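Trainee: following is a predicted model, sequence given first.
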Amino acid sequence: MAAKLNIKDKYRLLTRDLDWEFSYQERKQAFPYEDFEGIKITDWSKWEDPFRLTMDAYWKYQAEKEKKLYAIFDAFAQNNGQMNISDPRYLNAIKIFLTGVTPLEYQAFQGYAHVGRQFGGIGARIACQMQSIDELRHVQTQIHAMSHYNKFFDGFQDWSHMHDRVWYLSVPKSFFEDARSAGPFEFLLAISFSFEYVLTNLLFVPFMSGAAHNGDMATVTFGFSAQSDEARHMTLGLEIIKFLLEQHEDNLPIVQMWIDKWFWRGTRLLSIVAMMMDYMLPNKVMSWKEAWEVYFEEAGGALFKDLARYGIRAPKYSEVIEKEKEHISHQAWWIFYNFGHAAGFHTWIPTDEELDWLSEKYPETFDRYYRPRWELAKKMEAEGKCFYSSGLPQLCQVCQVPMGFTEMQSDPGQISYRNAMFEGERYHMCSDGCHDIFVNEPEKFAQAWLPVHQILQGNCGGADLEKVLSEYYRMNVGADNLDMKGSPDERRWNEWKKGAA
Ligand code: FE
Ligand code: ZN
């Protein structure tokens, strides 16, 4: 009679023993994507399974979390949780999250399901499959957490459609599509290591503590429920880099190239979070600059010191990134303020108290470069002379952010432009970081679907912006977009608050 298995044996049977030898097909044929990136794997059995979970334990544990989570969502809805947020301006950050980040969780689900098939090692396949299921859960729980707000506020109605089409959402969308259309090892390096292991704290901590500071219990609860998953995902990120570097010395230059690429892409993506922290949270958590110092310079600095024993160095252009922490949030919010008529959320001029907070947090740069713009905007608003930019911005061919970043090394007041030729055409980039990425893979990035080019080519529903916004993007023009001041969101909020008092 079989004795009851202990957890270790059970784990082995449920992971490693799921692999099999191929009797009539070559192993190489079964894993066709494993070689073309140039990565050399000599021994898959050296893979340390980072999760050490059996499927059985995984499902039980996740089910427990789901039960608690949905009980809280229910209580939140029953108690009119939407009335407890600090200020309806806050929810515009959540609109960005739902349209820009939640669909990335779905892309992660698909990406991990794909690579979970493509690795020759069973340990890596199981870890990716589990993460894939986690990511699907994240999509669902985020939609459920935020769906409550859709009943009361504008801009939440068509997030998935918007993700696929709206100009600024091509920034996160193209980031993930770049990773998913790469080989399996680059995907893991990009998403598990660069994003989940090193940069994720800069996305999740600001959003979750931002939610806590601004009375958004639905988002806080989702965040707690995702936290133990995130811990596993980070372990996978660390395992993949160590594994690749220990397998073969030829992997080092490839891994370093990917680190350089994905850190740069990651920091460009995070400029949206930077702007959220500094401008969109009515109750601030910390400045972007402070977050960058804690979560990247300190934590990341220690990590790269540790990885130096493998020959890895800090990501290329780290010195530029360090200077940019003083600038990017201001530059990004200014772009959105100028194109507030074409955004799926509301924009606004910071209040006087907020301007003072920014001066205090950015003593080196805010008063010198950015306060004068807001003072002018305020003056123009008071005189009834507000206007939105009527042109369409030029976009970076790689990160797809409008050209608004500036020269960190010479003059932070000058917009930085780079370009490169490929097959007789000239392509434009926002920085040396994006330039290098393009030049490394011009065939890939020449194909980028740039929203502004597509509008100008007539592929987005029409020649006038109103048509693009309402028909192609499916925004409710006049409700979802424009200034917070005078918006239906603001008007309803004031009526509810009056009613409550
Ligand atoms: Fe996730
Ligand atoms: Zn760029």
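Mentor: Structure received. Residues are numbered from 1 along each chain as shown. Ligands and ions are numbered 1, 2, ... in the order given.

Trainee: which secondary structure element contains the nearest residue to Asp35 once chain neighbours are set aside?
Mentor: Nearest residue to Asp35, sequence neighbours excluded (C-beta to C-beta, 6 or more residues apart in numbering): Lys28, at 7.7 Å. Bear in mind the C-beta positions are built from the backbone N, C-alpha and C, glycine included. Using DSSP states H and E, Lys28 maps to helix 27-30.

Trainee: how about low-confidence regions in the chain?
Mentor: 1-3 (pLDDT under 70).

Trainee: near ligand 2, which residues of it show up?
Mentor: Proximity of the chain to ligand 2, by C-beta under 5 Å from the ion, involves residues Cys396, Val398, Cys399, Cys430, Cys434.

Trainee: in CSV: these, plus neighbour count and secondary structure.
Mentor: Converted to CSV, these look like this (neighbours: other C-beta atoms under 10 Å; DSSP: H, G, I helix; E, B strand; the rest coil):
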residue, neighbour count, secondary structure
Cys396, 29, coil
Val398, 30, coil
Cys399, 27, coil
Cys430, 25, coil
Cys434, 28, helix
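
Trainee: tell me which two of these sit farthest apart.
Mentor: Spanning the widest gap among the residues of the chain next to ligand 2 are Val398 and Cys430, at 7.7 Å by C-beta to C-beta.

Trainee: the helices in the stretch 351-500 of the chain, which residues?
Mentor: All helices of the stretch 351-500 of the chain, identified by DSSP state H, counting those that start in this stretch, fall at 352-361, 371-382, 432-440, 442-445, 451-456, 465-467, 488-500.

Trainee: wait, which of these is closest to Glu196?
Mentor: The closest of those to Glu196 is helix 432-440. By C-beta to C-beta, the value is 20.1 Å.

Trainee: I'd like the residues of the chain next to ligand 2 written out as CSV, with distance to Trp449 added.
Mentor: Output for the residues of the chain next to ligand 2, formatted as CSV (distance: C-beta to C-beta, whole Å):
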residue, distance to Trp449
Cys396, 13
Val398, 13
Cys399, 13
Cys430, 17
Cys434, 16
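
Trainee: pick out whichever of the residues you listed sits closest to Thr365.
Mentor: Cys430 (18.5 Å).

Trainee: ok, now which ones touch the closest one?
Mentor: Listed by C-beta atoms under 8 Å, 6 or more residues apart in numbering, the contact partners of Cys430 are Arg268, Cys396, Val398, Cys399, Val401, Met403, Gly404, Phe405, Ser416, Tyr417, Arg418.

Trainee: next step: these restricted to strands.
Mentor: Among the contacts of Cys430, DSSP state E puts Arg418 in strands.

Trainee: quick one: which of the contacts of Cys430 is nearest to ligand 1?
Mentor: Arg268 (19.9 Å; C-beta to the ion).

Trainee: the closest one: how many residues sit nearby?
Mentor: By the criterion of other C-beta atoms under 10 Å, Arg268 has 25 neighbours.

Trainee: contact residues of the stretch 1-150 of the chain facing ligand 1?
Mentor: Counting by C-beta under 5 Å from the ion, the residues of the stretch 1-150 of the chain near ligand 1 are Glu105, Glu135, His138.
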